[in-house]
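Engineer: Return a 3D structure for these sequence lines:
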Amino acid sequence: MTEKMNPETINPRLDNPKKAEMKQIRWVLRVGFAGIIILLIQCLPSRVLFSPVPSKIKSIEGYASLRVYGEEETARTKFSFIFLLPDQGNIEASNFLGQTIYRIIINSEGAYLIIPSKKVYWKGHEEEIIYTFLGFKLNMREMISLLTGEWKELGLIQKEGYDQGWKLEKDQTGRIRSGWRGTLHFEIQEFVENSSLARILMFENEFTHGRVRLIKANFNRPIKSEAFSANFLRGYQRKSWEEIQALIDNES
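Structural biologist: Below you'll find the model as predicted:
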């Protein structure tokens, strides 16, 4: 005679719906609790995400989000950055799943747009590299000035209010609040506390407009020289701009 099989040995959940229901309830509660924690973290005051802004910024590193609106599409990116004043930068752009799309390294030797997942890069002028990132041309010194407000300290203001093609406007406390050059216009919508550091930067160009939102920043920490080194690119393949653009579109 064949022995009858106990259904519970096949799938206990089928014959014990109460246990399955309790497990589902506990799972929902855990997920809900995690969601509440994330929401509370996001609602914390922004000041806890920033170290005190020093009177003289030598370096800045942190995280920010970028949103660019074009004529036909919108691009959203998160990025980490390390800037060593006056004009060195390392930027890593990622999608909202945290996957790296590309890196930018700008140093005394040149400007590089790198796709780590493909081990390829493009070398060009820093204005071209930043144009790919923001949608308008800036050099590294100007990009740092937009964020930190240290236009005069970085040598971009030689005479009051106008130089290097920029027209700049100040607020009542003397901070650079807005400015324009050609068709490019920017405005600091929100500062970090009482500093000149931009918390929310709005910009508008002939074909695009957008927003940079600073999420976290630390200042004047020791930075290793390797942060801006491009020596690792010896193991990468150099590509044309057209090839890099196609790869970035696929990564996005």
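Engineer: switch to C-alpha atoms for all contacts and neighbour counts from now on
Structural biologist: Fine.
Engineer: what's the burial count for residue 50?
Structural biologist: Residue crowding around residue 50 was assessed by other C-alpha atoms under 10 Å; the count is 16.
Engineer: Any idea what it is bridged to?
Structural biologist: Beta-bridge partners recorded for residue 50 (DSSP bridges): residue 217.
Engineer: Tell me if I'm right that it and residue 214 touch.
Structural biologist: No: between residue 50 and residue 214 there is no contact, the gap being 9.6 Å when judged by C-alpha atoms under 8 Å.
Engineer: partners of the spatially closest residue to residue 61 that is not a sequence neighbour in the sheet?
Structural biologist: Nearest non-adjacent residue to residue 61, counting by C-alpha to C-alpha, 6 or more residues apart in numbering: residue 82, 4.3 Å away. Judged by DSSP bridges, the bridge partners of residue 82 are residue 61, residue 90.
Engineer: Next up, the contacts around residue 82.
Structural biologist: Going by C-alpha atoms under 8 Å, 6 or more residues apart in numbering, residue 82 touches 59, 60, 61, 62, 89, 90, 91, 227.
Engineer: For the second one, give me the pLDDT.
Structural biologist: For residue 60, the pLDDT comes out at 97.
Engineer: any idea how far the nearest residue to it once chain neighbours are set aside lies from residue 75?
Structural biologist: The spatial neighbour of residue 60 that comes closest, neighbours along the chain excluded (C-alpha to C-alpha, 6+ apart), is residue 219 at 4.6 Å. Distance, residue 219 to residue 75, using C-alpha to C-alpha, to the nearest Å: 28 Å.
Engineer: more crowded one of the two?
Structural biologist: Neighbour count, other C-alpha under 10 Å: between residue 219 and residue 75, residue 219 has more, with 20 against 13.
Engineer: my guess is that one contacts residue 54, does it?
Structural biologist: Yes: using C-alpha under 8 Å, residue 219 is in contact with residue 54, at 7.4 Å.
Engineer: circling back: can you give me phi and psi for the residue nearest to residue 60?
Structural biologist: phi -130, psi 150 (degrees, to the nearest 10).
Engineer: how near is it to residue 121?
Structural biologist: When residue 219 is compared with residue 121 (using C-alpha to C-alpha), they lie 29 Å apart.
Engineer: now do residue 210
Structural biologist: 26 Å.
Engineer: quick one, which of those two is more surrounded?
Structural biologist: Counted by other C-alpha under 10 Å, residue 210 and residue 121 do not tie: residue 121 has more neighbours, with 23 against 20.
Engineer: host element of the more buried one?
Structural biologist: Applying DSSP states H and E as the criterion places residue 121 in strand 120-124.
Engineer: How far away from the center of its chain is that strand?
Structural biologist: Averaging C-alpha positions (C-alpha atoms, centre = their mean, to the nearest Å) puts strand 120-124 20 Å from its chain's average.
Engineer: mind listing what's buried in whichever helix or strand comes after it?
Structural biologist: Moving toward the C-terminus from strand 120-124, the next helix or strand (DSSP H and E) is helix 126-134. Within helix 126-134, the residues scored as buried using 16 or more other C-alpha atoms under 10 Å are 126, 127, 128, 129, 130, 133, 134.
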